[in-house]
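Participant: The sequence and its predicted three-dimensional model are supplied below.
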Amino acid sequence: MRKFYVAVCAVILSLSGMVSAQDLTQGKISGNLQLDAQVYRPDSAIGAFEVSERMLMNSFANIHYSLGSFNAGLRFESYLNPIQGFDKRYKGTGVPFWFASWEKESFAITVGHFYEQFGSGMALRSYEERNLGYDNAIKGARVIFRPYQGIVLKALIGNQRFFWESGPGIVRGIDGDFALNDIFKETTGLPRVTIGGSFVSKFEPSSQILVGENGDELLILPENVAAMSGRVNVNHKGFNVEGEYVYKYNDPSAVNNFIYKNGQSLLVQASYSTKGLGVILSGKVTDNMSFKSKRTEKGNVLDINYLPALTRQHAYTLSAMYPYATQPNGEFAIQSQVNYKIPKGSMLGGKYGIDIAVNFSRITELSRKPVNATTPIGEGGTLGYKTDFFKMSDSPYFQDFNIELQHKFNSDFKALVSWVNLKYNIDVIEGHTGDPMVNANILILDATYKFSKMNAVKGEFQHLSTKQDKGNWVQGMLEFTFAPTWFVTVVDQYNYGNDDKDRRFHFPTVAVGYTQNSNRLQIGYGKQREGIICVGGVCRNVPASNGLTITLTSSF
Amino acid sequence: MRTKNIFGLLVTLSVLALWNISCDKVEEPFTRKIFIDTTTQDHQKKVLLEDYTGHTCVNCPDAAIIAHNLKNNLGDKLVIIAVHAGWFSTPTPGGDFTADFRCETGNTWDATFGISNVGNPNGMVNRKNFSTAEHILAPAAWSGAVMQALNEEVLTDVSISNTYTAADRKLTTDVTVDFVETVDKNLNLIVVLTESGIIAPQKNNNAATGPTPIIYDYEHNHVLRGSINSTWGTPIAVVGTANPASLKKTFTYNLSAGFVAENCHVVAFVYDTDTKEVLQVAEKELITTK
Amino acid sequence: MKKTYLILLLSVLMVSVSYAQESAGGNKKLPSVTVKSLDGQAINTSELNNGGKPMIISFWALWCKPCINELTTIADVYDDWTTETGVKLVAVSIDDARSTAKVAPTVNAKGWDYQVLLDANGDFKRAMNVNMIPHTFLVNGNGEIVWQHTSFSEGSELELIEMVRKLNAGQPLQ
């Protein structure tokens, strides 16, 4: 193995021309690091149980070296032990990510670990979300070739990250992206059209999986599973229309209960925007599109693709309390958003104008029918079910209607008001079997007042009212900022509407932070409420916590 | 310019090669029946399947069915222990789920192997691959892992003989370990008690399996009730010391008042203390009926 | 063993380079990553420039409130900044496929005059070692990163424009 790496480095260095000692000193090093430590104190009332280690810590450091066309880097990660809410299998220290890449004119090659996205990611997307503990990096090799202006061809092969190991499946993919306006000359004035397509396949050796009422039917498993996709993007003046369609061949897996139905997904988005107005309308239909490189995996790991949820990512705690997670086995989603700015100087708009955003999204189950009279829907070892692709069922998963207004009254004072109406199918999304649909109304008021050139105070009032789940919540926050270095925040979250009087808890937190250029230290103390994460039929409880949190981030 | 053409050719060739990897399209029927025989031979390899579960875990009844079907097809070759541990097994202050099926041994195993932390239902087969953190298996992976483990060679064999006196609820269990091959590892023997046939409510989300959201008369089987020797067992072999041909250990245990002796089993297994992997397991009911 | 070898190789490189960096006074240049513009064109980040004048590169996302605050606050004084210092602001959105299509309608409705780029899979973000956003960089006329800061509070933009003025005047930035 060692000889292989020497050979690779030698090839890369020699191809980039002679690397003299002087050249070597022109290389640049950069990176970043983050450290999160939590010290826990038990509080049995809210469900914060004793943590035997007392202190848990997550940390990572990226180091990046670049010299002309050559780049290399690695990431150290240390979880001693992983903080609560993170998968315990991250425990330990090591270098789970390293790479070397070289780029020259039309050709680029990367070996080691890398992230990549084809189109919107529905066929292939490997990415990382460090603060959620998500990382499906591909370890192998990737080539990018640009033979002609406007044409980009990519090819990759590798295994995916599984905590400190690699998953069992090999992922292979090729992607082509063609910007027609750059390929063909004399296209000024014409709309900008880009088309693309990709082919992704995975190989996983067969294993013995038994299904059936008596567990004596052995599945005949496909070892190579492929997905193909095509996409088009048209842009002209203020209009933009884009669409992507993905088709996946039979992929019996634990997520879809081992059915042999092919999967497909169609995403279409159309928008128009001009100064002061933006409108967008999107639709997505997904059917059986979970694509993992390990067929028995049900957790939030080893995903080959990414199915975007067509919902608004809310920025406030209470409006983000019931977040939607894409149901890979099938859903029908529509979303529309209008952004409008009442112009500056107009009667209503005042000196600075008013920003208005209206957003609506609705996601329902796909309507399914049985394959034949004797096979129940979704039975393992069969085709599963039939569906009219474009038919919404009456059973909603999620609905979100939101109006937000933002206005700056004068140079010292600005405010935001937002109202959200939510319908959340907690039975399906969080696995709370039997619980009724949560109907919630959320009101947010956010105001900032600058009392001197560099100092300001911000107040936030949030209220969530619902008759289901835990009842009403109210949250208040006060934040003092002393730009550009200090801030102090005081927050309290109060579940005053809980049906059970003994469970009407307060979750107060105090935080202080100091920022110097790209270094930041934040220390917080307080309580955090519990939550349940359910992914693919496996539910994990994120316990409530009580104690001290320290976060340090730095970039160099 | 020439380099560009060579690279271009290489890329085109690899693209064509990849296009030729046709995916596998399986036509109906998608399954074939297998005939697994439940007959055992002398020094038969037996496999331990641990199912980490809880009574408020909505997906757990389906996992229990997978384990149950495997047992039906394999008979004595498979031993199941259902460990109730973690958040979904905690008793609720009131309501339907006040039962507590946890025990100290199960809690310690769950904390060490980190299973409930990942989620329920999940389990282990012969506790393999703990050193690479690949020991946690979803129910869908149990049959593959069990079949693979059954093909492995037998290094030690375990047999159990029980004597139970109902009057004082005292169990005396004799566990015999035979060294079939020479084994140069650090081995421990764990002996535990499991109880089946406990009727208590269980949450459920699959209407095909039972009533949702709660199966009130659910039958909990193979529930780990406690350890008879200790959580991590008694040493029976040490690296560097020769193995005896056979080793017999006797343990006594008092059954708690709530346990139904007729539904109880003793499970004994030998494992490697360095890798935690289980070498052999055996199960015997407390009271042998004719 | 293979990891140890790679770490050793990189450490040797790092040690030799860090000595050289002190003496050569080298700043990191903009990396070469492909991102998209709002109308779908592919842009190479190493070619971003402002004709020899300073450039601000700010990483943001639709779901990041402080980022929107920073860009809105600067938008109110952007004309003054451009007239005075010639600076240009490039706003790089790290929104992924969930919200990429919403960036253009939102940005245009707000009336921002920045050059907005889409970095949907975070390639530019990673190459610039961005972790938490907002993360803002100041790039000089030669494409070198000379200053950076994270997080935003009311008044932070005054520190930023001060750095731009110092850069124009040739003064040191620390």
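Facilitator: Here it is on my side, so go on.
Participant: Low-confidence ranges, chain C, go.
Facilitator: Across chain C, the ranges flagged by pLDDT under 70 are C:1-26, C:174.
Participant: Kindly list the main-chain dihedrals of the residue in it positioned nearest to chain A?
Facilitator: Chain A sits closest to C:Pro105 of chain C, with a gap of 2.5 Å, by C-beta to the nearest C-beta. No exception for glycine: its C-beta is placed from N, CA and C like everyone else's. With angles defined as degrees, to the nearest 10, C:Pro105 sits at phi -60, psi -40.
Participant: same deal with C:Phe137?
Facilitator: Torsion angles, degrees, to the nearest 10, at C:Phe137: phi -120, psi 150.
Participant: again, but for C:Ile161
Facilitator: Torsion angles, degrees, to the nearest 10, at C:Ile161: phi -70, psi -30.
Participant: Give the full set of residues in contact with B:Ala64.
Facilitator: B:51, B:53, B:82, B:121, B:221 (C-beta atoms under 8 Å, 6 or more residues apart in numbering or on different chains).
Participant: Need the max-distance pair from these.
Facilitator: B:Pro121 and B:Asn221 (14.1 Å; C-beta to C-beta).
Participant: So which of the contacts of B:Ala64 belong to strands?
Facilitator: Counting by DSSP state E, these place B:51, B:53, B:82 in strands.
Participant: Now for the second one, how many residues are close by?
Facilitator: So the one you mean is B:Thr53. 30 (other C-beta atoms under 10 Å in any protein chain shown).
Participant: how many neighbours does the residue of the stretch 101-250 of chain A found nearest chain B have?
Facilitator: Proximity of the stretch 101-250 of chain A to chain B (C-beta to the nearest C-beta) peaks at A:Gly215, 2.6 Å away. A:Gly215 has 21 neighbours, counted by other C-beta under 10 Å.
Participant: and A:Phe332, what element?
Facilitator: strand A:330-342 (DSSP states H and E).
Participant: Dump whichever helix or strand comes after that strand to PDB, restricted to CA.
Facilitator: Next helix or strand after strand A:330-342 toward the C-terminus (DSSP H and E): strand A:354-369. Extracted in PDB, the C-alpha atoms of strand A:354-369 (Å, rounded to 0.1, in the frame of the first residue of the first chain):
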ATOM      1  CA  ILE A 354     -40.700  46.700   3.400                       C
ATOM      2  CA  ASP A 355     -39.600  43.100   2.500                       C
ATOM      3  CA  ILE A 356     -42.500  40.700   2.200                       C
ATOM      4  CA  ALA A 357     -42.100  37.000   1.800                       C
ATOM      5  CA  VAL A 358     -45.000  34.600   1.400                       C
ATOM      6  CA  ASN A 359     -44.300  30.800   1.300                       C
ATOM      7  CA  PHE A 360     -46.600  27.800   1.000                       C
ATOM      8  CA  SER A 361     -45.600  24.100   0.800                       C
ATOM      9  CA  ARG A 362     -47.600  21.000   0.900                       C
ATOM     10  CA  ILE A 363     -46.400  17.400   0.900                       C
ATOM     11  CA  THR A 364     -48.600  14.300   0.800                       C
ATOM     12  CA  GLU A 365     -48.200  10.600   0.500                       C
ATOM     13  CA  LEU A 366     -48.200   9.100  -3.000                       C
ATOM     14  CA  SER A 367     -51.300   7.200  -3.800                       C
ATOM     15  CA  ARG A 368     -50.500   3.500  -3.900                       C
ATOM     16  CA  LYS A 369     -52.400   0.500  -5.200                       C
END
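Participant: near chain C, which residues of the stretch 201-350 of chain A?
Facilitator: Selection of the stretch 201-350 of chain A residues close to chain C by C-beta under 8 Å from any C-beta of the partner chain yields A:233, A:235, A:238, A:240, A:242, A:269, A:271-280, A:282, A:306, A:308-311, A:313-315, A:337, A:339-341.
Participant: Identify the residue of the stretch 401-550 of chain A closest to chain B, quick one.
Facilitator: Taking C-beta to the nearest C-beta, the stretch 401-550 of chain A has A:Gly434 as its residue nearest chain B, at 2.9 Å.
Participant: Please name the nearest non-neighbouring residue to that residue.
Facilitator: B:Pro213 (2.9 Å; C-beta to C-beta, 6 or more residues apart in numbering or on different chains).
Participant: same check, this time on A:Gln468
Facilitator: Here the residue nearest A:Gln468, using C-beta to C-beta, 6+ apart, is A:Val438, at 4.5 Å.
Participant: ok, that neighbour touching A:Asp469?
Facilitator: Yes. The criterion here is C-beta atoms under 8 Å, and A:Val438 meets it with A:Asp469 at 5.2 Å.
Participant: any common contacting residues for these two?
Facilitator: Both A:Val438 and A:Asp469 are contacted by A:Ile426, under the criterion C-beta under 8 Å, 6+ apart.
Participant: Could you list the paired strands of the strand ranked longest in chain A along with their orientation?
Facilitator: Scanning chain A for the strand with the most residues, using DSSP E, yields strand A:386-410. Strand pairing for strand A:386-410, determined by DSSP bridges: strand A:354-369 (antiparallel), strand A:413-424 (antiparallel).
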